[in-house]
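Trainee: With the input below, show me the fold.
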Amino acid sequence: MNNNVKIQWLADRQHYINDLALIHFEGISRHWVSDASPEKSRQSLIKHATHQMPFTLVAEIHGKAIGMASLRENDGLSTEQTPWLGSLAVDPTYQGQGIGEQLIEAIKKEAQKLNYNELYLLAFDPTIPSWYSKLGWEKIGMDKLFDHPVTVMKIHLSDHVRT
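Mentor: Next up, the predicted model:
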């Protein structure tokens, strides 16, 4: 775990939007969304630069944005399940240092503050559910988004939020 990381609200760090848009595009959307672009990622982040859902939290180290995660009501699937952890992305230079886990914990705490008992996510990459499982997430099914199969997972917040 990198102890130099600070988790901040994107609403308070909007100067990071362009950097985060590139991290999001390179790490997620260009692989899975046919019409993805850095500009579309940027426009989405502008909508998430709030203190209410949907919102994005930023991982920052020494004044640089190195990762992000969002909390939103829906992540693109037609489902009644809510809320969703989405757009978890960490700059490749900083991966493997526990930053993704720190972002997940911060999103879980915010979801719990909003009185949610469960949190959901979808994973495009078929190798990533095993990583989430190690963090306490359980696979609840499969679905399809942007013509790609996705693994749907959930976690019970009361059991898995670290203080």
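
Trainee: List every C-alpha atom in the lengthiest helix in the chain, with coordinates, as CSV.
Mentor: Determined from DSSP state H, the single longest helix within the chain is helix 99-113. Provided in CSV are the C-alpha atoms of helix 99-113 (Å, rounded to 0.1, in the frame of the first residue of the first chain):
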residue,chain,number,x,y,z
ILE,A,99,-4.0,2.2,-5.0
GLY,A,100,-6.9,0.4,-6.6
GLU,A,101,-7.8,-1.1,-3.2
GLN,A,102,-7.6,2.3,-1.6
LEU,A,103,-10.0,3.7,-4.2
ILE,A,104,-12.4,0.8,-3.7
GLU,A,105,-12.4,1.3,0.1
ALA,A,106,-13.1,5.0,-0.3
ILE,A,107,-16.0,4.4,-2.7
LYS,A,108,-17.4,1.7,-0.3
LYS,A,109,-17.3,4.2,2.6
GLU,A,110,-19.1,6.8,0.6
ALA,A,111,-21.7,4.3,-0.5
GLN,A,112,-22.2,3.3,3.1
LYS,A,113,-22.6,7.0,4.2
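
Trainee: other SSEs contacting it?
Mentor: If contacts are counted by 3 or more CB pairs under 8 Å, 6 or more residues apart in numbering; DSSP states H and E, helix 99-113 sits against strand 6-9, strand 55-61, strand 64-72, strand 84-90, strand 118-123, helix 157-160. Quick note: C-beta positions are derived from backbone N, CA and C, even for glycine.

Trainee: Could you list which residues are in contact with the residue of the chain positioned farthest from its centre?
Mentor: Largest separation from the mean C-alpha position in the chain: H62, at 21.2 Å (CA atoms, centre = their mean). Contacts here follow CB atoms under 8 Å, 6 or more residues apart in numbering; on that basis H62 touches N4.

Trainee: what's the least confident helix or strand in this structure, going by average pLDDT?
Mentor: helix 30-32 (a mean of 56; mean pLDDT, DSSP states H and E).

Trainee: Which element is encountered next along the chain beyond that one?
Mentor: Under the assignment DSSP states H and E, the closest C-terminal helix or strand after helix 30-32 is helix 38-47.

Trainee: what about that following helix, average pLDDT?
Mentor: On average, the pLDDT along helix 38-47 is 89.

Trainee: Any chance you could list what contacts that helix?
Mentor: Residues contacting helix 38-47 (CB under 8 Å, 6+ apart): 10, 17-18, 20-22, 24-25, 29, 33, 54, 56, 68, 87.
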